[in-house]
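S.K.: 3D, please:
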Amino acid sequence: MEDLKRKKYVHTSRKRFDPIAFLVGTSLLSYLIYVITGGADLSVFWDLKSLMIVAGGTVASLIIQYDFASCWHCVLDVVQSFRGRPEKKMLETLSQLDHAIVNQIDITELREANEITGEILNDCVYMVKQYLSFEEIDEFITARVQDLFFRRKTSVVILQRASVLAPSLGLFGTVIGLVILLKSLSDPTLIGPSMSLALLTTAYGSGLSSLVISPLAGRVEQSNEQFVETHRQLLSKVAILIKRFERGIEKGKLGRVA
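M.R.: Below you'll find the model as predicted:
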């Protein structure tokens, strides 16, 4: 008990976005690009047509395969992964549960819980007040968490799919550029743009896949693991309080019988 009061146990859910690691990673990436390009003017690597073929084609293909809402949620999950997971509110809830366990506080005192609101602890307290068993509460909350996790898992699948599509579209752009090049051999002014399209689409496709999309997929996947672990911790702590509450009810019944 003393160890708990001193907070010696560290939650895995307390992992947050590390700005130092992010800056180090982006700095190394920038240096890698500088070395590869030989310090040349990066504007020579800019080609809007090549970018539209790779990036625009990837986005269009994803929207066709999935749907706009799933793709938009994917963007939101990527943004939220940089803000740290889980949210501060969830960490505060875990701290409240720790305090309630150590100080023998009844679970019904943690929230007023007059209705189902979508906030997990509130819903648990509400169902306890309705005298639902722990097994019923656990099944209800687990199903809700699984629904949320499925949506987040879909974001990882979309990003992984995008990492495959980008190089493929880069190769497609290369073929288009070579076709245009072969048809424009009689006009020297078109050879340069055609060759640029052929080469830069491949570069954009592989670069976006390996340097942007794949790392983002990894971030969202790690965020999902923290999401599941945090809710697992929350349910395990709620289980302690619910079972304590149920034992109190049983003792009260036995006392009235005696």
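
S.K.: Now find how far off-centre stretch 151-171 is within its chain.
M.R.: 14 Å (Cα atoms, centre = their mean, to the nearest Å).

S.K.: again with stretch 182-198
M.R.: Using Cα atoms, centre = their mean, the offset of stretch 182-198 from its chain centre is 43 Å.

S.K.: the helices in the stretch 151-258 of the chain, which residues?
M.R.: 191-207, 214-257 (DSSP state H, counting those that start in this stretch).

S.K.: Let me see the contact set for residue 178.
M.R.: Going by Cβ atoms under 8 Å, 6 or more residues apart in numbering, residue 178 touches 194, 198. All C-beta spots, glycine's among them, are computed from the backbone N, C-alpha and C.

S.K.: Which one of the helices of the stretch 151-258 of the chain lies nearest to residue 105?
M.R.: helix 214-257 (8.0 Å; Cβ to Cβ).

S.K.: what packs against that closest one?
M.R.: helix 68-83, helix 88-102, helix 120-129, helix 134-183 (3 or more Cβ pairs under 8 Å, 6 or more residues apart in numbering; DSSP states H and E).

S.K.: Can I get those in TSV including distance to residue 218 and mean pLDDT?
M.R.: Listed next are those as TSV, based on distance: least, Cβ to Cβ, whole Å; pLDDT from 0 to 100:
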stretch	distance to residue 218	mean pLDDT
helix 68-83	9	87
helix 88-102	22	83
helix 120-129	27	86
helix 134-183	9	88
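
S.K.: which one of those is the most hemmed in?
M.R.: Of the helices and strands packed on helix 214-257, the one with the most neighbours on average (mean count of other Cβ atoms under 10 Å) is helix 120-129, at a mean of 20.

S.K.: Taking helix 214-257 as reference, get the angle to that helix.
M.R.: 20 degrees (axes from the mean of the first three to the mean of the last three Cα atoms, to 10 degrees).

S.K.: For residue 104, grab the count of nearby residues.
M.R.: Each residue near residue 104 was counted by other Cβ atoms under 10 Å, and the total is 8.

S.K.: so it, which of the three states?
M.R.: coil (DSSP: H, G, I helix; E, B strand; the rest coil).

S.K.: Give me the pLDDT value at it.
M.R.: On pLDDT, residue 104 comes in at 86.

S.K.: can you check the one 5 residues further on too?
M.R.: At residue 109, the predicted lDDT confidence score is 87.

S.K.: ok, residue 151 touching residue 73?
M.R.: Yes - contact criterion Cβ atoms under 8 Å: residue 151 and residue 73 qualify, at 6.1 Å.
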